[in-house]
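In: Dropping a prediction and its sequence here:
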Amino acid sequence: MLQLFVYGPGLGLPSLDPSCLAAILYCSLAVPKDEFVIYQTANASMSPTQKLPALWDGHAWIGSLKNVLFYLKQKGYDLDNDLDKEAISKITAFSCLLERNAYDLWLFKAYVCEDNYVRVTRPEWSKVLGFPYNYLTPNAFQKHAKERLTLTLGISDDKTSYEASRMPISHRWTNASRQKQALLQAQAFRIRMSSLARQLYGSLELLIGDSEFLFGENPTSLDCLLYAFLSFHTLTENFDQLTLRSTMQSSAPKLFHLLESLKARWFPSSPSNGLLSKVSIEKQPQNLLALARLAWNNVSTKVEEAKASFRNVSISPQKRVSLARNGFFILASTFGFVWFVLANGIVVIESEEDADLDDLREEPFPTPKTEFRSEKTDQALDDEVRGEASSQPEEKENDGLQTPSMSAEDLLFGFEGEDEDGYDDWEEEEMDDEEEQDFDEADAEIA
């Protein structure tokens, strides 16, 4: 039993991806209905190329549209088996034309035109995909579209979109100029894409004859590719920018009529009579293992891209010398600045022990109460003694005899020279002649 894994339906078509739609059409026309199953999935990790469609035959995985068609033809499911060499060569050439030019037109229309992507393409993908694929897959397709068109057509993102610059208000007019220039460039690319579409449609119309299909009464692989890629150009009418439907109607009316007839034959208004009426279509459930694998793949991909970008950077010997010189000067300047700051004491580095010692030095030394009196006690005693002394005359004259005043310290602690037993140990001072005379006169008066 063959199992075909594709993206789900969208925009009124069986699949939202042209390659998946082509694989669905080919399997439905070439493989018997009871020999294959279609699984609608959002996870492309099972594919060897990390792209859908993917085919599982019970033993191996086959990824991408070209590999799937080649494998089915090798297995005997070949829609081109009865054609001659000339028809085979035409199918090969026009298949490459469709896979390149027609696919580029669809990518530009759906992903590069920002208005179409925001308003139509991304909401459609959100309907088809579940969490977290609805955030990852549309952005991945848009990134792929921009990279592909940059290589094939030279269309870069900065020429098709506008981003306002962060300039002062006085230079606001430059934003308007840049916006106008970007819009003109985008319009020029749309004209170029319309011209490319006319050339593609005109070349394909040369193959159309009076038969129902391109090469007779039986469909071929080119019919499948033709409908799969061009139906996104003309049968999807929700896009405002780059409407290719009118371009095909005016430049290739026979081709447009062929697409309408194929749609009526394969996908009529009544689903019971359509091409997929008897095909088994199931939706693949999501599990935690698949989500974990997806997250790991995204992370590993980003890491590999970063490594590859660093490997691809080539530095000349002169550039290396310049980088080394600049690094040395930066290192030396940093070291000199740090040394200057530390040497001048602007910043002091202390350990916890040094900080504790500094705190102890700042704190007052405690005075034991048994040995010394505090300053408050001394002050209170001095105030008390001064109060008692002020109530009495400071100097008392007794018949010319003067008694010396005593200080508070003398009253409290005694005279100097007093020993521990309380006896005086004074050294009598010698008096001069005048003092002796005064002393004798005082004694005589007393007597």
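Out: Received the coordinates, thanks.
In: Can you pull the poorly scored residue ranges out of the stretch 301-447 of the chain?
Out: The stretch 301-447 of the chain contains residues with pLDDT under 70 at 301-302, 305-306, 309-314, 348-436, 439, 443, 445, 447.
In: hmm, 50 instead?
Out: 367-372, 394-403, 408-409, 411-413, 415-428 (pLDDT under 50).
In: can you check the stretch 151-300 of the chain too?
Out: Ranges of the stretch 151-300 of the chain meeting pLDDT under 50: 162-167, 169-173.
In: okay, now the closest residue to D82 other than its chain neighbours: neighbour count?
Out: Leaving aside its chain neighbours, D82 sits nearest to N218 (7.4 Å; criterion: Cβ to Cβ, 6 or more residues apart in numbering). Backbone N, C-alpha and C define where each C-beta goes, glycine included. The number of residues packed near N218 is 14, by other Cβ atoms under 10 Å.
In: Can you list phi and psi of N218 for me?
Out: Main-chain dihedrals, N218, degrees, to the nearest 10: phi -120, psi 140.
In: correct me, but it touches N81?
Out: No: applying Cβ atoms under 8 Å, one finds N218 not in contact with N81, separated by 10.2 Å.
In: Let me see the domain layout of the protein.
Out: 2-311, 375-423+431-446 (automatic domain parsing).
In: and among those, the most buried is which?
Out: A comparison of the domains of the chain by mean neighbour count, using mean count of other Cβ atoms under 10 Å, puts domain 2-311 on top with a mean of 17.
In: does I346 sit in a helix or strand, and which one?
Out: Per DSSP states H and E: I346 is located in neither a helix nor a strand.
In: Can you get me a residue count around the residue nearest to it when sequence neighbours are not counted?
Out: Distance criterion Cβ to Cβ, 6+ apart; nearest residue to I346, sequence neighbours excluded, is F340 at 7.9 Å. Other residues near F340 come to 10 when the count uses other Cβ under 10 Å.
In: State the helix or strand in which F340 lies.
Out: With DSSP H and E as criterion, F340 is part of helix 317-343.
In: and that helix, which residues are buried?
Out: For helix 317-343, the neighbour count (16 or more other Cβ atoms under 10 Å) marks no residue as buried.
In: hmm, back to that, of all the domains of the chain, which one comes closest to S322?
Out: Smallest distance to S322 across the domains of the chain (Cβ to Cβ): 18.9 Å, for domain 2-311.
In: Got the phi and psi for F36?
Out: The phi/psi pair for F36 (degrees, to the nearest 10) is phi -150, psi 160.
In: Pull the contacting residues for the closest residue to it other than its chain neighbours.
Out: Spatially, and ignoring its direct neighbours in sequence, F36 is nearest to L2 (3.9 Å; Cβ to Cβ, 6+ apart). Applying Cβ atoms under 8 Å, 6 or more residues apart in numbering, we find L2 in contact with C27, V31, E35, F36, V37, L55, W56, D57.
In: Relative to P32, how far out is L2?
Out: 10 Å (Cβ to Cβ, to the nearest Å).
In: How about S316?
Out: Distance of S316 to P32, given as Cβ to Cβ: 63 Å.
In: hang on, L52 is in a strand, isn't it?
Out: No: secondary structure assignment (DSSP: H, G, I helix; E, B strand; the rest coil) places L52 in coil, not in a strand.
In: how about CSV for the domains of the chain, with distance to L323 added?
Out: What follows is these, written out as CSV (distance: least, Cβ to Cβ, whole Å):
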stretch, distance to L323
domain 2-311, 15
domain 375-423+431-446, 69
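In: Out of those domains, the one nearest I346 is which?
Out: Going by Cβ to Cβ, the one of the domains of the chain nearest I346 is domain 2-311, 37.5 Å.
In: what secondary structure does Y39 sit in?
Out: Y39 carries the three-state label strand when classified by three-state DSSP.
In: which ones are touching it?
Out: Q3, L4, F5, V6, I281, E282, K283, Q284.
In: Just the ones of those residues in strands?
Out: Of the contacts of Y39, the ones assigned to strands by DSSP state E are Q3, L4, F5, V6, I281, E282, K283.
In: how close does T49 sit to R245?
Out: Taking Cβ to Cβ, one finds T49 at 32 Å from R245.
In: Ok, L275 next?
Out: Distance from L275 to R245, by Cβ to Cβ: 23 Å.
In: what does R100 give?
Out: On the measure of Cβ to Cβ, R100 and R245 end up 21 Å apart.
In: repeat for K73
Out: Using Cβ to Cβ, K73 is found at 33 Å from R245.
In: do V31 as well
Out: V31 is 32 Å from R245, where distance means Cβ to Cβ.
In: residue ranges with poor pLDDT in the stretch 1-150 of the chain?
Out: In the stretch 1-150 of the chain, no residues with pLDDT under 50.
In: I'd say L97 and L206 touch.
Out: No: counting by Cβ under 8 Å, L97 stays clear of L206, with 11.7 Å between them.
In: so P18 touches A228, yeah?
Out: Yes: applying Cβ under 8 Å as the test, P18 and A228 come out as touching, 5.1 Å apart.
In: Spatially, what comes nearest to E217 if we skip its sequence neighbours?
Out: Closest residue to E217 apart from its sequence neighbours, by Cβ to Cβ, 6+ apart: S211 at 5.9 Å.
In: Which member of the contacts of L2 is positioned nearest A252?
Out: Among the contacts of L2, and counting by Cβ to Cβ, the member closest to A252 is C27, at 28.0 Å.
In: Then the closest one would be within a strand, right?
Out: No: C27: not assigned to a strand; according to three-state DSSP it is helix.
In: Would you check how far apart it and L16 are?
Out: Counting by Cβ to Cβ, the gap from C27 to L16 is 17 Å.
In: for the stretch 51-200 of the chain, what spans make up the helices?
Out: With DSSP state H, counting those that start in this stretch, the ranges of helices along the stretch 51-200 of the chain come out as 65-74, 85-97, 103-107, 114-116, 122-128, 133-152, 157-160, 172-205.
In: Just say helix, strand or coil for the closest residue in space to A102 that isn't next to it in sequence.
Out: Once flanking residues are discounted, A102 sits nearest to F229: 4.0 Å by Cβ to Cβ, 6+ apart. Secondary structure, three-state DSSP: F229 is helix.
In: Might you report the residue contacts of F229?
Out: Counting by Cβ under 8 Å, 6+ apart, F229 touches P18, A22, L98, E99, A102, Y103, W106.
In: Out of these, which two sit at the greatest distance?
Out: Farthest pair in the contacts of F229 (Cβ to Cβ) is A22 and W106. Separation: 12.3 Å.
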